[in-house]
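>>> need coordinates for the following:
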Amino acid sequence: LVRPHDELDDPAAVLGCIKVDLRISQQGVIAGERVGEWGCLAVAEAAQGRGLARILVAAAEKQLLDAGCTIAELELLAPSKWKQAHKERLRSWYQRLGYVLKVPGDYEASTTRLPQGTLLLDRFELASESDFTIYRRRIMVAEHAASGTGSSLDW
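Numbering: from 1, shown residues only. A predicted model of the protein is given here:
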């Protein structure tokens with residue numbers, strides 16, 4: 001997502017980004033359902049608080065719908081034994097968007113606990129024990145048609 005041309009000296013300044021992944025395992029998914037994932041959501045600090053993250057999430061969900069997905073999934077990695085303010089803010093925001101635990105009402109069944117020192121992507125070592133929690137939300141064509149999120153996003 002880039003800024004409108006008249007808003008900055010640099011018309012190509014990046015406001016935010018989001019990743020969509022259609023390669024999610026479908027193991028255990030009910031017949032007729034398909035899960036896709038979005039993640040790595042980032043919005044430039046100066047652009048936060050303007051609804052851009054919601055626009056990015058809506059666009060990602062629309063892409064998932066267009067690919068035949070009926071369920072959107074996201075993952076949250078957060079410390080197990082203490083609360084990090086930013087991660088708790090994200091968790092709350094995801095819930096306001098309608099995301100629930102992968103196994104509704106069951107945090108433990110929706111979470112994998114990773115010990116301190118776990119190496120992620122062969123590069124990043126966890127500084128503390130962490131919870132890797134999966135959240136899901138059913139996505140429907142009607143809500144995206146009503147919100148006006150399509151391949152072209154209006155400012």
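
>>> I'd like the mean pLDDT over the longest helix along the chain, please.
The longest helix of the chain (DSSP state H) is helix 52-66. For helix 52-66, mean pLDDT rounds to 96.

>>> pull the distance from it to the chain's centre.
9 Å (Cα atoms, centre = their mean, to the nearest Å).

>>> that one: which residues count as buried?
For helix 52-66, the neighbour count (16 or more other Cβ atoms under 10 Å) marks 52-53, 55-65 as buried. Using the backbone N, CA and C atoms, a C-beta is placed for each residue, glycine as well.

>>> which residues of this structure fall in strands?
16-21, 35-43, 71-79, 100-101, 111-114, 119-120, 124-125, 130-138 (DSSP state E).

>>> for those, which one sits closest to residue 88?
strand 71-79 (7.6 Å; Cβ to Cβ).

>>> which residues touch that closest one?
24, 29, 33-39, 60-61, 64, 84, 87-88, 90-91, 94, 99, 102, 114, 128-139 (Cβ atoms under 8 Å, 6 or more residues apart in numbering).

>>> kindly report the same for stretch 27-39.
Contact partners of stretch 27-39, identified using Cβ under 8 Å, 6+ apart, comprise 18-22, 24-26, 57, 60-61, 64, 67-75, 136.
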